[in-house]
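Trainee: Generate coordinates for the sequence data below:
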Amino acid sequence: MIITNPQLNLLKILILASTLTVGNFAFAALPTQPTESVLNEKNVWDNSYNKKTKQRFIPVELFTGAYWDGKHQLVMKPVTTVACSSAGGRPCDKYFITGPFKTTDNTTSISWVGDQIPYYKRTFSTRRMGDVVSHFTINNSKDGLVRIFDKRKSWGNRTYSGLGSKFPLGYWRQGEIRHYDSRAPISIEILELNGPDNCLTFRWIIGTGKRRNSDNNYTFCPNRGFTKVSHNYGDSKNKSKRLP
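Mentor: The predicted structure follows:
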């Protein structure tokens, strides 16, 4: 014999009906618990900054937006990523990175790679610049990624000597400025070494910085890559802040 409690059964029915009706809302309202893998990945990026030395290790993966294992090594691992970078409040432009590929020879000043240069290919397209293709590799001083090839409608194909830097790598400090000798001198200044979500913002100047697109601020974030660019050229707020 099964003894039932009408009041208890009614309560169960009401609870079940409520769950079916607002179940999706209830689950959405509950705070999402991060998985162990997500927590470990967050700790990896947190640990890239050393509070004692006030240095941060910047891996290649911050540029590509790929997964980083936390090792303080500069390695060009296979990637296929898409970054979404915004400028001036406009909808973001997509930047595609693939590679690494290898050149057939080495006509640059980069000596650590031998006869062939591994490089990442980055492509994007904007209304003003059209389709842009750039090749990046680790520079000879191993403290940055440098552009060795670029193709766009405004100047066609260009090859570079491998001198300079376009993105900082390795150990850097807040506010640090490094200068690079190249066809046009290049400077990189760390504006925000380890910002919210472990994002990095730096200022890149080529030459005197007095031409369009030659004095920019770039932001890169873990697992996202390139997220934001702002142009200092023509901005009166930054005219007095030219790097020496």
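
Trainee: The closest residue to residue 193 other than its chain neighbours and residue 55, how far apart?
Mentor: In space, residue 193 comes closest to residue 174 once its chain neighbours are excluded; the distance is 4.3 Å by Cβ to Cβ, 6 or more residues apart in numbering. Heads up, the C-betas are built off the backbone N, CA and C, glycines and all. Separation of residue 174 from residue 55 (Cβ to Cβ, to the nearest Å) stands at 9 Å.

Trainee: and stretch 122-142, average pLDDT?
Mentor: On average, the pLDDT along stretch 122-142 is 90.

Trainee: Can you give me the first-to-last residue distance of that stretch?
Mentor: End-to-end distance for stretch 122-142: 20 Å, by Cα to Cα, to the nearest Å.

Trainee: for the residue nearest to residue 193, what are its contacts?
Mentor: Residues in contact with residue 174 (Cβ atoms under 8 Å, 6 or more residues apart in numbering) are 54, 190, 192-194.

Trainee: From residue 204, how far off is the nearest residue to residue 211 once chain neighbours are set aside?
Mentor: Once flanking residues are discounted, residue 211 sits nearest to residue 233: 6.8 Å by Cβ to Cβ, 6+ apart. Distance of residue 233 to residue 204, given as Cβ to Cβ: 12 Å.

Trainee: which residues do these two both contact?
Mentor: With Cβ under 8 Å, 6+ apart, residue 233 and residue 204 have common neighbours residue 215.

Trainee: Pick out whichever of the two has more residues nearby.
Mentor: residue 204 (22 against 15; other Cβ atoms under 10 Å).

Trainee: which secondary structure element contains that one?
Mentor: strand 200-206 (DSSP states H and E).

Trainee: Just give me how far that strand sits from the chain centre.
Mentor: 13 Å (Cα atoms, centre = their mean, to the nearest Å).

Trainee: do the same with stretch 124-134
Mentor: Taking Cα atoms, centre = their mean, one finds the center of stretch 124-134 at 18 Å from the center of the full chain.

Trainee: buried ones in that stretch?
Mentor: For stretch 124-134, the neighbour count (16 or more other Cβ atoms under 10 Å) marks 124, 132, 134 as buried.

Trainee: got it, and stretch 190-202?
Mentor: Quick answer for stretch 190-202 (16+ other Cβ under 10 Å): 190, 193-194, 198-202.

Trainee: so which of the residues you listed comes closest to residue 120?
Mentor: Of all those, residue 120 sits closest to residue 200, with 17.5 Å by Cβ to Cβ.

Trainee: That closest one and residue 154, how far apart?
Mentor: 28 Å.

Trainee: Please apply the same query to residue 107.
Mentor: In this view, residue 107 and residue 154 are 23 Å apart by Cβ to Cβ.

Trainee: just residue 66 next, same as before
Mentor: To residue 154, residue 66 is 30 Å away according to Cβ to Cβ.
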